[in-house]
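Novice: sharing a model prediction with you, sequence too.
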Amino acid sequence: MAQHFKDSIVWQKAMDLVTDVYRLTDGFPKREVYSLTDQIRRAAVSVPSNIAEGQAHFSKAEFSHFLRHSGGSLAELETQLMIAERLGYADHDQTQIILRQVVEVGKLLNGLINSLKK
């Protein structure tokens, strides 16, 4: 495990994802600020937050548990982004850029989870 969660590539990539999600959702309709916008942002923020919290427990089992929560938040985020695109809040190209980030973070999470099993 990395010395500190901030040293982790997956945490750094998840933080980039959060930043990009916030930029994307800034353009959503104001009527969505307390619904879909909020849900998308919360799911995105949950990813690096769970990575950090899990690493702070200093137990491989607990860290793995929190990493799986991050993966669940990624699945939520993916679904919510697809809903936003269907509703016309984000165009296909914008959505695809972020969905590629979701896939990348997911692969990194899975790799980290698998490494903790060893």
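Specialist: Yep, it's here. Numbers count the residues shown, from 1 in each chain.

Novice: quick one, what contacts S46?
Specialist: Contacts of S46 were listed using CB atoms under 8 Å, 6 or more residues apart in numbering, and they are 69-70, 73, 76. Yep, even glycine has a C-beta here, placed from its N, CA and C like the rest.

Novice: could those go into a markdown table alongside distance to L116, neighbour count and secondary structure?
Specialist: Shown next, in a markdown table, are these (distance: CB to CB, whole Å; neighbours: other CB atoms under 10 Å; DSSP: H, G, I helix; E, B strand; the rest coil):
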| residue | distance to L116 | neighbour count | secondary structure |
| --- | --- | --- | --- |
| H69 | 14 | 17 | helix |
| S70 | 13 | 26 | helix |
| S73 | 18 | 22 | helix |
| E76 | 22 | 17 | helix |
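
Novice: so which residues of the chain form helices?
Specialist: For the chain, the helices defined by DSSP state H cover 9-25, 36-56, 60-86, 92-116.

Novice: which residue is the nearest non-sequential neighbour of D91?
Specialist: Of all residues not flanking D91 in the chain, E85 sits nearest, at 7.4 Å (CB to CB, 6 or more residues apart in numbering).
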